[in-house]
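Q: Using only what follows, build the 3D model:
(one chain, ligands or ions: 2)
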Amino acid sequence: MDRYRLHVNGRQREVRVPGDTPLLWALREELGLTGPKYGCGVGACGACVSLVDGQAARPCVRTVEESEHTRITTIEGLSARGDHAVQRAWLELDVAQCGYCQPGQIMAAVALLARTPDPDDEQIAEALRDNVCRCGTYPRIRAAVRRAAELARGDR
Ligand code: FES
Ligand code: FES
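A: Numbers count the residues shown, from 1 in each chain. Ligands and ions are numbered 1, 2, ... in the order given. Now for the predicted structure:
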């Protein structure tokens, strides 16, 4: 086992795992951060999406070794009280059905709004294109991203 230091949700954490361990495993199994979900394990479904240095990333296809010296944010680290504009919009529009894909959808939306505060429908569709929802909540997700943009601007 090797020892790796990971900067997660504003804290330095240490994990003892082989360097090629997927970051998703370390987050979920070593650090107890189960917000990022395991769906496909090959970077195709988006269930695990979290932020790495502020960008949407898929920790199922990143190793622990390559994640040292980055800043990782999981949905648990988005806001202390769960009141980030995206989370508020998601609740307001009652987006989730089974909920399994939703942490990844939310984190992809957070990354989109950080770089494009007022995205149009095409930009939303493009940013969330590879986040799969088996319950088909796509219309509510798109509406919630637009609503989150309003909330972040301070609109009521
Ligand atoms: S579990 Fe990471 S993209 Fe599917
Ligand atoms: S809410 Fe069930 S998979 Fe998206």
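Q: just the CA coordinates of the helix or strand harbouring Glu66, formatted as CSV?
A: For Glu66, the host element (DSSP states H and E) is helix 64-67. In CSV, the C-alpha atoms belonging to helix 64-67 read as follows (Å, rounded to 0.1, in the frame of the first residue of the first chain):
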residue,chain,number,x,y,z
VAL,A,64,-5.6,8.3,-6.8
GLU,A,65,-2.0,8.9,-7.9
GLU,A,66,-2.9,11.4,-10.5
SER,A,67,-5.3,13.1,-8.1
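Q: so what does that helix touch, helix or strand wise?
A: Counting by 3 or more Cβ pairs under 8 Å, 6 or more residues apart in numbering; DSSP states H and E, the packing neighbours recorded for helix 64-67 are strand 2-8. No exception for glycine: its C-beta is placed from N, CA and C like everyone else's.
Q: rerun at 10 Å
A: Secondary-structure packing of helix 64-67 (3 or more Cβ pairs under 10 Å, 6 or more residues apart in numbering; DSSP states H and E): strand 2-8, strand 11-17, helix 23-25.
Q: Just send those back as JSON lines, with mean pLDDT, distance to ligand 2 and mean neighbour count too.
A: What follows is these, written out as JSON lines (pLDDT from 0 to 100; distance: least, Cβ to the nearest ligand atom, whole Å; neighbours: other Cβ atoms under 10 Å):
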{"stretch": "strand 2-8", "mean pLDDT": "96", "distance to ligand 2": "24", "mean neighbour count": "17"}
{"stretch": "strand 11-17", "mean pLDDT": "97", "distance to ligand 2": "28", "mean neighbour count": "14"}
{"stretch": "helix 23-25", "mean pLDDT": "98", "distance to ligand 2": "17", "mean neighbour count": "24"}
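Q: Ligand 1: which of those is closest?
A: Closest approach to ligand 1 among the helices and strands packed on helix 64-67 (Cβ to the nearest ligand atom): helix 23-25, 6.3 Å.
Q: which residues sit against that closest one?
A: For helix 23-25, the surrounding residues in contact (Cβ atoms under 10 Å, 6 or more residues apart in numbering) are 4, 6, 8, 15, 17-18, 31, 33, 36-39, 41, 47-48, 50, 52, 57-67, 70, 72, 74.
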